[in-house]
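Chemist: Give me a 3D structure for the following:
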Amino acid sequence: MNKTFEARFINVGLISSVIAVLIFFYIPIFTLILFSFKEGRYLNLPFDGWTLDWYRDLFTNSDVGKATLNSLIIAVSAMLISTAVGLGAAQSFVRFDFRGKKAFQLVALAPLVFPQLLLGVVLLLWFSVLGNIFDFSNNLLTAIIGHCVYLVPFTTIIISVQAATFDPTLEQAAQDFGATPWEVFREVTFPILWPGIFSAAIFAFLLSWGNFYITYSLSGTGRSLPTFVFSGMALGSTPLYPALATVTFVAGLLLIVVAESLRRRSLALTQGAPKE
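Modeler: All right, here's what the predicted structure looks like:
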């Protein structure tokens with residue numbers, strides 16, 4: 001009886017802790033959503049009324065459009081580059097043994113231990129020196145490079161998990177049937193690694209999309225959505241920014257749902273399982 005009571009007490013405690021964490025996490029999000037419908041310019045209580053005007057202003061604001069375009073350029077470019085580099089690094093980590101492998105792994109994963117703020121400052125100093133030598137200023141390209149430095153360790157780890165389950169005899173069988181190295185990669189290696197590659201790409205995109213410190217340090221005069229929100233909040237917050245946060249949150253949530261659905265379907269296909 002005592003053991004049963006103890007087990008129930010532990011279960012209640014764990015469930016209560018999870019609920020408390022979820023409430024603590026989602027209250028700020030729901031608060032932002034609530035304030036995005038507030039009538040009036042200032043973020044204060046009580047509400048004067050409810051309106052959708054801030055969403056209309058959001059989609060007609062040219063500054064928001066430019067910042068969104070810059071964020072897409074940075075995030076998509078960084079996603080593609082970091083995923084490609086992460087694929088190569090993951091293959092080296094998992095499938096090959098060579099002299100200096102441990103040192104290579106340490107160097108490749110080192111950015112993980114750097115806080116984003118510190119990494120942004122270090123990269124800013126580095127590009128400042130290079131800019132003085134080669135006569136260029138920080139722009140979207142330097143921001144993309146900075147994002148790739150930050151993202152490659154993440155994509156490498158995610159793809160490495162998928163690569164660790166790869167059976168090399170499948171490639172050997174394809175070679176025995178006369179397939180070229182490119183055909184082996186295209187028809188065997190890539191499809192099997194695709195779920196990990198896809199997950200790494202989505203994760204990289206989301207990390208890049210919401211990154212502030214590196215973008216703020218390296219983008220120069222080009223503003224992305226995080227830096228646009230920061231500069232706008234410094235001048236005085238309005239419900240426009242909660243509306244922007246709400247749209248971004250909903251879009252990101254939908255992207256995660258779609259990505260997970262596609263990942264599961266791709267994983268099922270590569271394993272020969274029926275589609276769900």
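Chemist: where does residue 138 land in three-state SS?
Modeler: coil (DSSP: H, G, I helix; E, B strand; the rest coil).
Chemist: what's the closest non-adjacent residue to it?
Modeler: Nearest residue to residue 138 in three dimensions, chain neighbours excluded: residue 220, at 3.8 Å (CB to CB, 6 or more residues apart in numbering). In short, each C-beta sits where N, CA and C put it, glycine included.
Chemist: Ok, residue 53 next?
Modeler: Residue nearest to residue 53 in three dimensions, not counting chain neighbours: residue 39, with 7.6 Å by CB to CB, 6+ apart.
Chemist: what does stretch 85-104 rub up against?
Modeler: Contacts to stretch 85-104, defined as CB atoms under 8 Å, 6 or more residues apart in numbering, come from residues 105, 108, 148, 151-152, 154-160, 162-164, 166, 168, 193, 196-197, 200, 204.
Chemist: And those, which of them are buried?
Modeler: Among those, those classed as buried by 16 or more other CB atoms under 10 Å are 108, 148, 151-152, 154-160, 162-163, 166, 193, 196-197, 200, 204.
Chemist: just checking, which of the residues you listed belong to helices?
Modeler: The helices, defined by DSSP state H, take in 108, 148, 151-152, 154-160, 162-163, 193, 196-197, 200, 204 from the buried ones among the contacts of stretch 85-104.
Chemist: burial count for residue 109?
Modeler: Using other CB atoms under 10 Å, the number of residues around residue 109 comes to 16.
Chemist: Equivalent analysis for the one 10 residues further on, please.
Modeler: Counted with other CB under 10 Å, the neighbours of residue 119 add up to 18.
Chemist: which residues sit in contact with it?
Modeler: By CB under 8 Å, 6+ apart, the contact set of residue 119 is 111, 146, 149, 150, 213, 214.
Chemist: could you measure it against residue 257, distance?
Modeler: Separation of residue 119 from residue 257 (CB to CB, to the nearest Å): 30 Å.
Chemist: All the helices of this protein, residue numbers only.
Modeler: Counting by DSSP H, the chain has helices at residues 2-35, 53-60, 62-95, 101-109, 116-134, 140-163, 169-176, 181-184, 190-209, 213-218, 225-235, 240-270.
Chemist: State whether the residue nearest to residue 53 and residue 47 are indeed in contact, as I suppose.
Modeler: Yes - Residue 39 is within contact range of residue 47, at 7.0 Å (criterion: CB atoms under 8 Å).
Chemist: just for the stretch 101-250 of the chain, where's the confidence low?
Modeler: Within the stretch 101-250 of the chain, the segments meeting pLDDT under 70 span 234-236.
Chemist: 80 instead, please
Modeler: 101-102, 104-105, 107-111, 231-238 (pLDDT under 80).
Chemist: Identify the residues contacting the closest residue in space to residue 94 that isn't next to it in sequence.
Modeler: Using CB to CB, 6+ apart and skipping residues adjacent in sequence, the residue nearest residue 94 is residue 163, 4.3 Å away. By CB under 8 Å, 6+ apart, the contact set of residue 163 is 90, 91, 93, 94, 95, 193, 196.
Chemist: same check, this time on residue 209
Modeler: Contact analysis of residue 209 by CB under 8 Å, 6+ apart lists 71, 75, 225, 248, 252.
Chemist: can you tell me how far it sits from residue 76?
Modeler: Residue 209 is 9 Å from residue 76, by CB to CB.
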